[in-house]
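Colleague: Following is a predicted model, sequence given first.
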Amino acid sequence: MSDSSSHQLLWQAVLFQVLRDIRDANRGQEGYKDFVTAARWVGNYPTREFSEVCMLAGLEPDFVHPRFVKIIKEAEAKSAARKAPKKAHVAVAAE
């Protein structure tokens with residue numbers, strides 16, 4: 001394996017860990033803290049650091065970023081749905 005591809009694999013592993021941290025948002029307090037850190041790092045717009053890691057991983061930041069943002073939003077929605085109080089079903093009698 002060439003030195004260049006080894007470095008790319010390393011940076012791909014960094015992005016994969018960020019993805020795992022985002023997906024583990026609902027795994028207790030530690031999982032949530034990791035989620036927040038990862039989501040901030042990804043940001044609403046690609047930060048310089050995010051773009052640099054993507055390029056070092058051999059990936060296009062403008063391609064990767066929207067997908068990470070989508071996964072973050074899905075995780076947030078799932079978390080909000082779990083925290084929302086469940087409504088009791090009320091039976092209505094037919095007349």
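Modeller: Sure thing, it's come through. Values in this document were obtained by computation on a predicted structure and should not be read as measured data.
Colleague: now Tyr45, what's its secondary structure?
Modeller: coil (DSSP: H, G, I helix; E, B strand; the rest coil).
Colleague: ok, now Leu59?
Modeller: Using three-state DSSP, the structure places Leu59 in coil.
Colleague: Return the residues in contact with it.
Modeller: Counting by Cβ atoms under 8 Å, 6 or more residues apart in numbering, Leu59 touches 12, 15. From N, CA and C alone the C-beta is placed, and that goes for glycine too.
Colleague: Chain neighbours aside, what residue packs nearest to the residue nearest the centre of the chain?
Modeller: What sits nearest the mean C-alpha location of the chain, by Cα atoms, centre = their mean, is Ile22, with 3.1 Å. Nearest non-adjacent residue to Ile22, counting by Cβ to Cβ, 6 or more residues apart in numbering: Ala38, 5.0 Å away.
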